[in-house]
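In: have a look at this prediction, sequence included:
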Amino acid sequence: MLKSKYIFVLLLVFTLLLAACSKGNTDKTPPPEGEPPEVASRFVALLQAGDYDTAVSYFDSTMKNQLPAKQLQTAWESLLQQAGNFRQEVAKKSEETGGYEIIIVTAQFEQAYIDIRITFDSDNRIAGLFFAPSDYSAAEDDGRTDYTPPAYGQPADFTEEEITVGKGEWALPGTLTVPSGDGPFPAVILVHGSGPNDRDETIGPNKPFKDIAWGLANQGIAVLRYEKRTLAHRQKMASLPSLTVNEEVIDDVLAAFELLQEREIIDPEKIFVAGHSLGGTLAPRIAAANDKIAGLLILAGTARPLEDLILEQTRYLAEADGNITADEEEQIELIEQQVNNIKDPGLSAATPATELLGIPASYWLDLRAYNPVETAKKLKVPMLFLQGERDYQVTMEDFSLWQEALGGLPHATFKSYPALNHLFIAGTGMSLPAEYETPGNVSDAVINDLVDWIKGH
């Protein structure tokens with residue numbers, strides 16, 4: 001189902017937060033009839049039919065205030081612009097958390113699978129709505145092969161241990177991959193890109209973080225990877241009133257660092273941070289917050305404002321076949337307007353997320369105050385910058401900006417790879433999202449360069 005031309009860039013980049021889980025209900029109208037799974041399917045059918053007034057009648061009182069019919073329509077139509085027309089419901093499951101029942105309806109759209117997470121309160125009213133890219137893969141429909149471990153990961157001369165990063169309500173499950181031997185070993189913390197990523201940063205049949213962990217561990221370097229907070233705690237993240245990259249990324253990296261420092265088998269003076277995409281962009285900010293980090297490995301880190309890249313990706317994918325359709329032009333205009341909203345000097349915390357690419361204003365205001373290149377220039381720790389030259393999500397323009405600003409520093413090293421894409425997997429021709437559905441592994445050249453650099457520092 002995945003096509004060679006996508007226009008749902010936002011869904012590849014971010015979790016779409018539409019409404020937080022509400023607290024309490026004063027609505028006296030009768031709740032919708034039926035069990036939550038039935039009501040959830042009926043609700044999705046109402047959205048597809050464009051009956052937003054009836055759909056909103058399923059909400060509790062707080063949700064009705066947060067997401068009235070007009071805003072619900074805007075959100076749904078924005079989703080259609082990004083993912084294509086709704087086709088069908090393909091799966092459904094339920095979860096329980098904090099006294100709420102969550103029904104996850106996985107829907108097939110023309111260009112994506114989307115999880116529609118619908119939270120029900122004890123009165124059977126909808127108390128939360130959350131759209132995100134689904135783990136459900138086109139491979140489940142067409143029988144494509146699953147993940148294949150890289151040759152450099154075999155034989156496995158390491159062990160893997162299930163660990164927990166952080167404590168309390170934000171605790172995250174993870175994996176610590178440790179080389180065979182007595183240690184102490186240097187260690188790397190892997191930091192995800194945007195979106196609700198798992199510990200392997202799984203995309204289709206590919207698991208780049210698992211590749212890196214196994215490749216490094218087989219050459220004497222421990223690796224810690226963990227579920228991202230926007231995956232492990234989706235609903236709670238959606239309910240945060242002032243979301244920033246601190247809650248999304250940075251707090252958990254710092255917790256992971258503390259965990260590694262407590263392990264005797266890890267060299268506390270040799271703990272590195274390796275950030276991919278958004279993780280690479282934030283790596284200088286992470287190092288600025290913790291001067292004990294031994295060095296940074298920045299893999300396809302964005303040097304430009306994130307909203308600019310979203311617009312650039314939208315245009316790139318729309319132009320991929322040489323023909324921009326009317327729908328694609330409309331999508332470009334929609335993204336352009338919302339990017340302008342993000343850049344507006346008058347942007348305030350009160351601006352609705354539905355006008356800001358589905359992300360709260362607090363997130364954009366926080367990023368506005370952060371310049372990754374200028375922050376990196378002030379750091380004294382060694383830094384390694386790696387870039388795939390076929391990457392369309394973070395491009396050679398970003399790599400050049402890093403290099404122009406930091407290339408003269410003795411502790412900054414740069415390397416790019418002509419055949420590699422955003423996942424650092426080799427390919428040919430113009431890189432497109434459909435490439436991510438082809439099984440592959442992180443290039444062994446990248447693994448060897450990471451190992452050499454880490455052991456040299």
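Out: Everything's here; your move.
In: now Leu176: how far from Ala320?
Out: 40 Å (CB to CB, to the nearest Å). Yep, even glycine has a C-beta here, placed from its N, CA and C like the rest.
In: any regions of the stretch 51-200 of the chain where pLDDT drops low?
Out: The model of the stretch 51-200 of the chain has pLDDT under 70 over residues 81-82, 98, 135, 137-145.
In: where do the helices of it begin and end?
Out: Ranges of helices within the stretch 51-200 of the chain are 52-56, 61-66, 69-83, 139-142, based on DSSP state H, counting those that start in this stretch.
In: between those helices, which one is closest to Gly275.
Out: Distances from Gly275 to each of the helices of the stretch 51-200 of the chain were compared by CB to CB, and the smallest falls on helix 69-83, at 25.6 Å.
In: report the secondary structure element holding Val339.
Out: helix 326-343 (DSSP states H and E).
In: helices of the stretch 351-457 of the chain, start to end?
Out: Ranges of helices in the stretch 351-457 of the chain, per DSSP H, counting those that start in this stretch, are 361-368, 372-377, 396-406, 444-455.
In: redo these as CSV? Include mean pLDDT.
Out: Formatted as CSV, the helices of the stretch 351-457 of the chain follow (pLDDT from 0 to 100):
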stretch, mean pLDDT
helix 361-368, 96
helix 372-377, 98
helix 396-406, 98
helix 444-455, 98
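In: distance of the closest residue to Tyr417 other than its chain neighbours from Val188?
Out: Of all residues not flanking Tyr417 in the chain, Gly388 sits nearest, at 5.5 Å (CB to CB, 6 or more residues apart in numbering). According to CB to CB, Gly388 and Val188 sit 19 Å apart.
In: can you pull up the most central residue in this structure?
Out: Nearest to the mean C-alpha position of the chain, counting by CA atoms, centre = their mean, stands Gly195 at 1.8 Å.
In: wait, doesn't that residue sit right on Met237?
Out: No: counting by CB atoms under 8 Å, Gly195 stays clear of Met237, with 11.8 Å between them.
In: next one: phi and psi at the residue nearest to the centre of the chain?
Out: Taking degrees, to the nearest 10, you get phi 100, psi 170 for the backbone angles of Gly195.
In: and if you look at Ser242?
Out: phi -140, psi 70.
In: wait, it sits on Ala349?
Out: Yes: using CB under 8 Å, Ser242 and Ala349 qualify as a contacting pair, with a distance of 7.0 Å.
In: what bridges to Pro173?
Out: For Pro173, the beta-bridge assignment (DSSP bridges) gives partners Thr164.
In: how near is it to Tyr147?
Out: 19 Å.
In: for Val249, see how far away Arg285 is.
Out: 9 Å.
In: these two - which one has more neighbours?
Out: Under the criterion of other CB atoms under 10 Å, the comparison of Arg285 against Val249 puts Val249 first, with 25 against 20.
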